[in-house]
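Novice: Give the three-dimensional model of this entry:
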Amino acid sequence: MMSPNRQRTVRGRFAGLLILAFNGVAAAGFEWSTDETRFTLRDDGFLAGIVRRSDSRNLLATNEPAPLLRLRLAGVDQVPEGATWDAASGRLRLRYPKSGVEAVVAVRTGPVHLSMELVEVSPARGVDAALWGPFPVALGKTVGEVVGVARGDGFAVGLQALNTKTLGGFPETPEGNNDRPYAAEAKPWGALLRAYSLDRSQPRILDVWNRAPRMPVEAIPGETVVGSKVALFGCREERALEAVGKIEVAEGLPHPIIDGVWAKMSPQLGRSYLIADYSESDIDELLAHVQRAGLMSLYHGNLFRSWGHYEPSPRFFPGGVAGVRACVAKARALGIRLGAHTLSNFIQTQDSYVTPVPDGRLLRTGSSTLSASVSETETTIPVASPEYFAHEERNEMRTVVVGKELIRYRSVSKEAPWRLLDCQRGAFGTTASAHASGEAAGKLMDHSYKVFFPNLDLQREIARNLAKVFNETGLSHMDFDGHEGCLAPGHGTYGNEVFAKEFHDHLDHTVLNGTSPPLSHFYWHFNSYCNWGEPWYGGFRDSMQEYRLNNQAFCERNYLPKMLGWYLLTPTTCLSDMEWMLARAAGFDAGFALATSLGSLRKNPDTARLMDTLREWETARRSRAFPPSVREWMRDPKREFQLRSTGPGAWDLYPFHDSAAFRHEARTLQPGEPTASQWTVPNPDAAQGLQLKLRVTGGEGGSVVNPVLEIGRAATLELPVEIRPGQTLLVEEDAVARLYDAQGKQVSATPLKGRLPSLAAGGNEVRFDCEFRGDNPPAVQATFKTRGTAIRIAK
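Specialist: The predicted model follows:
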């Protein structure tokens, strides 16, 4: 006879026995319930249902296998074939008869989620990985691949890894050297949810981070699959983010708070910030700009003496930590955060982990031994094997560590006896010394940023170094740029998760933080934003623009504040470019970063107007003043807008209208015959000053010189410039002719004499002419824009 506890369904910590129908076949099974969801398991260890309690709909996808827990042995995944439940202990025993392995899972339920922890594997030897699921759910309207939540039909089902040893996603190779760090994957029928843990307690030889083939990966003592832990939950769609927050609190996950509010729901997230290298001497001037623009933070790009120990740079802070702390106090008094850029686990060659004595925990891609002794002056180093030294790809600094000396080499001999040739002894400020035959020679992992990397132990220490300086100074904003460098020790995404959590666990205050892609599942709990998109690869409107816009959907489906990336504010940045970006930000409800310098702010004649305009746009965006229909328009990068304040909490938004393109080409005519093109330029708006764009195409080696426009046979506009193929000339209401190169970067700005001619409402006769130079003259494409009627916007 079964005990009463095994004969009934019990909410809370216990589960009961029930009979399930699966594909028409009856099978005994078990059930666990939360407030909104029932989870049912067949007695072979496969999920039979994720059931919405409000209507008993089973959200588990049909015809898709759903093993609760797979085990990987010798590179082969095994699924359970039997399950028994002990309600008194809250333990589920899964049997894998093909290998004779049994796994014990501790199961607990609460109001929100079901937690499952692998507490025992026997025999444990040979179990390389524990893989939760995959759990196929028939919800796929919105799939948050990082957060691990699938949504649709008013409901959400999610999977959460509950510690750093449990990674969202799955290992793509049997060895686990490559992982796919996404806890959810969209499918045509819905989504897959999955997580896994690896046995890292034994040393391995792996291809690491696409830069180190056959690298010896150090073991992590005691880090087996036991302890792998996940949560499953289901709830109404609008409660999904709140549910994740409750799971964080219940399971002791990172749960940062900002001004008493969970960070993921804080209005501080998604705010924009200014990137400029502040110092003790100029902090007040830069803070005045940040305050005027109403931005969240002033963020330093080069605050540290070196990456690794992360000590303040005396160039900016002669007072060291105290100097930074004084700047933080000034900012805090104004309600502004101070931040600093980091490169995560990258170690610069001037850092004391490298020089004058290299730390023994610098990461080696592999080692050999010296095949003969060498003196401190020899420049040819004999080695027993060339394997790790001859690899050319991503071998940026060709550096070997022997004892306490770093040695750089130009090349490796082509045949035995193997030698490192043309060596620089005592590289990076280390001391050249004699070495005995048989001494180890380790190849250091490096990067094009001219840095080395740590092993996992040193990587944790670097995270603590970062936390220490943030605690000592009060800095409260940073990026884990180069977070992908945490893959270097060879443990995949585990390295990223451990580094971020080590930093988080040693902080004494909340630090807003972003990251470089990809964002990993466990780190999501601590992450504040993903501000991806860089300004270095084109003009203000062009650099990585499509990538920036595509990222907004990623942020939305993963419950992250939308961010547009970095934009460059230079001495020549103009108001129309700034408002073009601000319209995109308003359209997507996205923050951004403006990268600049105090010198650029001082040189730009429009800095005050730019800061005031930033403030108005950001105030309107953050107060939700823009109606949804207007926001939809503003997402289109081809549209331009102006925003002007009409009083506290009220604005006029002006849309611009672009004409069709008009074309002018060189023509061969009889002497004296006019060469001008005549166009009818429409103005669908009120009479206003002329604004236009001229783009020169074709005609390699040629150019267009001194364009002239005659408007309505009554006014002439002369443009004293030379435009080469690929370049664009922009004339706007400030009567400055700005020339841009093919990448959208400003080349020159020429003030024009007098006021711009006016375009009347309706059709306007415009004659255009210019001088063509070169044997192969280019063509000119002209477009005109007009400002439309204001749309009233208010909080």
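
Novice: Which elements pack onto whichever helix in the chain runs longest?
Specialist: Here the longest helix in the chain is taken by residue count, with DSSP state H as the criterion, and it is helix 456-473. Helix 456-473 makes packing contacts with helix 320-333, helix 493-505 when contacts are defined by 3 or more CB pairs under 8 Å, 6 or more residues apart in numbering; DSSP states H and E. Where C-beta positions appear, they are placed from N, C-alpha and C, glycine not excepted.

Novice: Tell me how far the next helix or strand after it lies from the chain's centre.
Specialist: The helix or strand immediately downstream of helix 456-473 is strand 477-480, counting by DSSP states H and E. Taking the mean of its C-alpha atoms, strand 477-480 sits 11 Å from the chain's own mean (CA atoms, centre = their mean, to the nearest Å).

Novice: Could you list the low-pLDDT ranges of the stretch 1-150 of the chain?
Specialist: Residues of the stretch 1-150 of the chain meeting the criterion pLDDT under 70: 1-28.

Novice: what residue ranges in the stretch 501-650 of the chain are flagged as low confidence?
Specialist: Ranges of the stretch 501-650 of the chain meeting pLDDT under 70: none found.

Novice: where do the strands sit along it?
Specialist: Taking DSSP state E, counting those that start in this stretch, the strands of the stretch 501-650 of the chain run over residues 512-515, 563-568, 591-595, 641-647, 650-658.

Novice: Make CSV from those and add mean neighbour count and distance to C574 to it.
Specialist: CSV is the format used below for the strands of the stretch 501-650 of the chain (neighbours: other CB atoms under 10 Å; distance: least, CB to CB, whole Å):
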stretch, mean neighbour count, distance to C574
strand 512-515, 24, 28
strand 563-568, 23, 13
strand 591-595, 24, 14
strand 641-647, 16, 13
strand 650-658, 17, 15
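
Novice: Next, the buried residues of stretch 199-206.
Specialist: Applying a neighbour-count criterion of 16 or more other CB atoms under 10 Å, one finds D199, R200, R204, L206 buried in stretch 199-206.

Novice: can you check stretch 526-533 too?
Specialist: Buried residues in stretch 526-533, counting neighbours by 16+ other CB under 10 Å, are found at F526, N527, S528, Y529, C530, N531, W532, G533.

Novice: now swap in stretch 287-299 and tell me
Specialist: Residues L287, H289, V290, Q291, A293, G294, L295, M296, S297, L298, Y299 are the ones in stretch 287-299 that count as buried (16+ other CB under 10 Å).

Novice: Likewise for stretch 669-678?
Specialist: Of the residues in stretch 669-678, those with enough neighbours to count as buried (16+ other CB under 10 Å) are S677.

Novice: Quick one: end-to-end distance for it.
Specialist: Here the two ends of stretch 669-678 are set 16 Å apart, with distance taken as CA to CA, to the nearest Å.

Novice: how far does it sit from the chain's center?
Specialist: The chain centre lies 56 Å from the centre of stretch 669-678; the measure is CA atoms, centre = their mean.

Novice: One more: stretch 53-66?
Specialist: For stretch 53-66, the distance from its own C-alpha centre to the chain's C-alpha centre is 34 Å (CA atoms, centre = their mean).

Novice: CA atoms of that stretch as CSV?
Specialist: The C-alpha coordinates for stretch 53-66 follow below in CSV (Å, rounded to 0.1, in the frame of the first residue of the first chain):
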residue,chain,number,x,y,z
ARG,A,53,-4.0,26.2,-13.6
SER,A,54,-6.6,28.8,-14.7
ASP,A,55,-7.8,26.7,-17.6
SER,A,56,-5.9,23.4,-17.4
ARG,A,57,-4.1,24.1,-20.7
ASN,A,58,-1.0,22.0,-21.1
LEU,A,59,1.7,24.4,-22.4
LEU,A,60,4.3,21.6,-23.0
ALA,A,61,4.8,21.3,-26.8
THR,A,62,3.4,18.1,-28.2
ASN,A,63,5.6,15.5,-30.0
GLU,A,64,8.8,17.0,-28.5
PRO,A,65,10.7,15.0,-25.9
ALA,A,66,11.1,16.6,-22.5
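
Novice: So what touches that stretch?
Specialist: By CB atoms under 8 Å, 6 or more residues apart in numbering, the list of residues contacting stretch 53-66 from outside reads 33, 35-38, 46-52, 79, 133-139, 155, 157, 187, 189-190, 234.

Novice: how about stretch 100-107 as PDB, C-alpha atoms only?
Specialist: Output of stretch 100-107 as PDB, limited to C-alpha atoms (Å, rounded to 0.1, in the frame of the first residue of the first chain):
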ATOM      1  CA  GLY A 100      23.800   2.100 -14.300                       C
ATOM      2  CA  VAL A 101      23.800   5.600 -13.000                       C
ATOM      3  CA  GLU A 102      21.200   7.100 -10.700                       C
ATOM      4  CA  ALA A 103      20.700  10.800 -10.000                       C
ATOM      5  CA  VAL A 104      18.900  12.300  -7.000                       C
ATOM      6  CA  VAL A 105      17.100  15.600  -7.500                       C
ATOM      7  CA  ALA A 106      15.900  17.700  -4.500                       C
ATOM      8  CA  VAL A 107      12.500  19.300  -5.500                       C
END
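
Novice: So which bits of it are buried?
Specialist: Under 16+ other CB under 10 Å, the buried positions of stretch 100-107 are V101, E102, A103, V104, V105, V107.

Novice: just stretch 266-279 next, same as before
Specialist: The neighbour-count check on stretch 266-279 (16+ other CB under 10 Å) flags 266, 268-279 as buried.

Novice: Among the residues you listed, find me the one that's closest to P777.
Specialist: Distance to P777 across those (CB to CB) is lowest for I275, with 43.0 Å.

Novice: OK, contacts around that closest one?
Specialist: Counting by CB under 8 Å, 6+ apart, the residues that I275 touches are Y299, H300, G301, H341, W566, A593, L594, A595, T596.

Novice: and it, bridged to which residues?
Specialist: Y299, A595 (DSSP bridges).

Novice: heads up, I number from 28, so please use that
Specialist: Okay, residue one is now 28; in that scheme the one you just asked about reads as I302.

Novice: Please name the residues that touch the closest residue to L621 other than its chain neighbours.
Specialist: Counting by CB to CB, 6 or more residues apart in numbering, L621 lies nearest to L596, which is 4.8 Å off, once chain neighbours are set aside. Under the criterion of CB under 8 Å, 6+ apart, the neighbours of L596 are M605, L621, A622, T623, S627, L628, N631, L637.

Novice: Just read off the phi/psi values of L596.
Specialist: The phi and psi torsions at L596 (degrees, to the nearest 10) take the values phi -100, psi 110.

Novice: Return the set of residues that bridge with A776.
Specialist: Partner residues in beta bridges with A776, using DSSP bridges, are R765.

Novice: just to revisit the earlier point, give me the ChimeraX select line for the contacts of stretch 80-93, limited to the buried ones.
Specialist: Typed into ChimeraX, the line below selects the buried ones among the contacts of stretch 80-93, using 16+ other CB under 10 Å:
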select :60,62,63,64,65,73,74,75,76,77,78,79,106,160,161,162,163,164,165,166,182,184,214,217,261
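
Novice: Please report how far R662 lies from N329.
Specialist: Between R662 and N329 the distance is 34 Å, computed by CB to CB, to the nearest Å.

Novice: got the contact list for Y436?
Specialist: Listed by CB under 8 Å, 6+ apart, the contact set of Y436 reads I408, F416, R425, V427, L447, L448, D449, C450, Q451.

Novice: which of the residues you listed sit farthest apart?
Specialist: Largest separation among these by CB to CB: F416 and Q451, giving 14.4 Å.

Novice: quick one: which of these two has more around it?
Specialist: Looking at F416 and Q451 with other CB atoms under 10 Å, you find the greater number of neighbours at F416, namely 24 against 15.

Novice: if I pick that one, what's in contact with it?
Specialist: The neighbours of F416, taking CB under 8 Å, 6+ apart as the test, are S395, V410, R425, V427, Y436, V439, L447, K470.

Novice: same check, this time on N498
Specialist: With contacts defined as CB under 8 Å, 6+ apart, the neighbours of N498 are H533, L534, D535, H536.

Novice: again with P294
Specialist: When contacts are taken as CB under 8 Å, 6+ apart, P294 is in contact with V288, R649.

Novice: Thanks again, I'm all set now.
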